[in-house]
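*Asks:* No letters, just coordinates:
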């Protein structure tokens, strides 16, 4: 009489979930299954117990949400997903994915996109911190990885926008032209996961998350990009120490690199405004004042922007990572500044000069702006870009050589 009440509910039968209500429940479950067959699986459109309960309530069935949720959970338990363990040979496959990392570098908090490449056979992991998740970052990370070890037979990607142009089933999926050209140049096959099936790429998913946690959970502040790069190189050397023997066997099974390095490039055109700036992907780059109002061509190769007119490179800059930012070279505005010498002191062009030139202005030419402009011309400030033309021509030639007719499985 003093103990807790005990009830044996194992043989209790349904009192509400019977007859017409039960039949309607299974009809809704079947409608959910058919939707997946017609339009493909979509987690954001996937039915659940609460949705079925609301549909039944609107149809006039008197049943609790708890009952329908329990029946839905019971239905899901009857069809558990089974995974098939995979075995690979050395050099067969590497997996690629992105993970975001927030770091404080040079006093500013920034988001880096960690390109993670893992080797399922040897468990070696490679990472590269990229400014974005564009095709330039994908190709750049893979180039660095291949130059470290060699070329794998197959690279497996999640459904990244730089890789997949048209989504759908594997039979209907279409790869982007750039990843097709890149894969053809290095000779590897492109494989992609099914939509919303991250478990198919679980090795790189887990590797990327573990590396991000191990490297950056406690260490997240760096003086500059160089310190960050050195830290990542040292840390990954330690992370991969346990699998170094297996990775040595994997490297021996990989194919060698092509004779020439693939040049990752973007090309476009823009008109220089009246301030003699060209807008490239949301940022502004100065060009010589004689180019104001003219149509120019630009290219982005290896983190550098080259701007040309009539086939001649007139300016080059480091690629800006933000948006709405300016890169100015004072040598582009010599004649205009000669007409307006008082504008030098507070100009953005002077602020972006090398430290040595700024020190020379403050120390010797603070009261002599015209003398400072003569000094600039003699020093050659403004940056000549002739050497960059070779890399740009090489990238264009490679793209023409590879062509658009190559198919990659």
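*Replies:* That came through, no problem. Owing to the predicted nature of the structure, the values given are computational and were not obtained by experimental measurement.

*Asks:* Now do the helices in the stretch 151-300 of the chain.
*Replies:* Using DSSP state H, counting those that start in this stretch, the helices of the stretch 151-300 of the chain run over 177-186, 202-216, 225-239, 244-253.

*Asks:* so which of those helices comes closest to residue 131?
*Replies:* Comparing these by their distance to residue 131 (C-beta to C-beta), the top pick is helix 225-239, with 10.7 Å. (Glycine included, C-beta is placed from N, CA and C.)

*Asks:* residue closest to the middle of this protein?
*Replies:* residue 133 (1.7 Å; C-alpha atoms, centre = their mean).

*Asks:* any idea how far that one is from residue 160?
*Replies:* The spacing between residue 133 and residue 160, counted by C-beta to C-beta, to the nearest Å, is 7 Å.

*Asks:* what touches both of these two?
*Replies:* With contacts defined as C-beta atoms under 8 Å, 6 or more residues apart in numbering, the residues shared by residue 133 and residue 160 are residue 98.

*Asks:* about what we covered before: how about the helices of the stretch 151-300 of the chain, which one is nearest residue 307?
*Replies:* Using C-beta to C-beta as the measure, helix 177-186 is the one of these that comes nearest residue 307, at 21.8 Å.

*Asks:* max-length strand in the protein?
*Replies:* Counting by DSSP state E, the longest strand found in the chain is strand 93-105.

*Asks:* How many residues are close by residue 207?
*Replies:* A count of neighbours around residue 207, defined by other C-beta atoms under 10 Å, yields 24.

*Asks:* no no, residue 165
*Replies:* For residue 165, the count of nearby residues is 14 (other C-beta under 10 Å).

*Asks:* Next, the contact list for the spatially closest residue to residue 95 that is not a sequence neighbour, please.
*Replies:* Taking C-beta to C-beta, 6 or more residues apart in numbering as the measure, residue 95 lies nearest to residue 204, with 3.6 Å between them; neighbours along the chain are not counted. Listed by C-beta under 8 Å, 6+ apart, the contact set of residue 204 reads 95-97, 116-118, 156.

*Asks:* switch the cut-off to 7 Å
*Replies:* Under the criterion of C-beta atoms under 7 Å, 6 or more residues apart in numbering, the neighbours of residue 204 are 95-97, 116, 118.

*Asks:* Name the nearest of the residues you listed relative to residue 267.
*Replies:* Within the contacts of residue 204, distances to residue 267 taken as C-beta to C-beta reach their minimum at residue 96, with 24.6 Å.

*Asks:* Run through the bridge partners of that closest one.
*Replies:* When bridges are assigned using DSSP bridges, the partners listed for residue 96 are residue 117, residue 157.

*Asks:* what about it, distance to residue 179?
*Replies:* Note on residue 96: its distance to residue 179, by C-beta to C-beta, is 10 Å.

*Asks:* ditto for residue 239
*Replies:* In this structure, residue 239 and residue 179 are separated by 27 Å, where distance is defined by C-beta to C-beta.

*Asks:* of the two, who's got more company?
*Replies:* In this comparison of residue 239 against residue 179, neighbours counted by other C-beta under 10 Å, the higher total goes to residue 179 at 23 against 17.

*Asks:* isn't that one right next to residue 161, touching?
*Replies:* No. Checked against C-beta atoms under 7 Å, the pair residue 179 and residue 161 is beyond contact range at 10.5 Å.

*Asks:* and stretch 59-77, which residues are buried?
*Replies:* Using 16 or more other C-beta atoms under 10 Å as the test for burial, stretch 59-77 gives 61, 63, 67-68, 71-72.

*Asks:* and if you look at stretch 178-197?
*Replies:* Buried residues in stretch 178-197, defined by neighbour count with 16+ other C-beta under 10 Å: 178-186, 188, 190-193, 195.

*Asks:* for those, which one is nearest residue 268?
*Replies:* The shortest gap between residue 268 and any of the buried residues of stretch 178-197 belongs to residue 178, at 14.3 Å (C-beta to C-beta).

*Asks:* Dump the helices of the stretch 151-300 of the chain to TSV, plus distance to residue 334.
*Replies:* Supplementary listing: these in TSV, determined by distance: least, C-beta to C-beta, whole Å:
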stretch	distance to residue 334
helix 177-186	39
helix 202-216	45
helix 225-239	31
helix 244-253	53
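
*Asks:* a markdown table for these, including distance to residue 22 and mean pLDDT?
*Replies:* Formatted as a markdown table, those follow (distance: least, C-beta to C-beta, whole Å; pLDDT from 0 to 100):
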| stretch | distance to residue 22 | mean pLDDT |
| --- | --- | --- |
| helix 177-186 | 50 | 91 |
| helix 202-216 | 37 | 82 |
| helix 225-239 | 54 | 92 |
| helix 244-253 | 55 | 93 |
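
*Asks:* between the ones you listed, which gets nearest to residue 106?
*Replies:* Of all those, it is helix 225-239 that lies closest to residue 106, at 7.4 Å by C-beta to C-beta.

*Asks:* any idea which helix is longest in this protein?
*Replies:* As far as residue count goes, and with DSSP state H defining each element, the longest helix of the chain is helix 19-39.

*Asks:* Now do that one: which elements does it pack against?
*Replies:* In terms of contacts (3 or more C-beta pairs under 7 Å, 6 or more residues apart in numbering; DSSP states H and E), helix 19-39 is packed against helix 49-58.

*Asks:* what do you get if the cut-off is 8 Å, keeping everything else the same?
*Replies:* In terms of contact count using 3 or more C-beta pairs under 8 Å, 6 or more residues apart in numbering; DSSP states H and E, helix 19-39 is assigned the packing partners helix 49-58, helix 65-77.

*Asks:* and it, how far out from the chain's middle?
*Replies:* Going by C-alpha atoms, centre = their mean, to the nearest Å, the spacing between the C-alpha centre of helix 19-39 and its chain's C-alpha centre is 39 Å.
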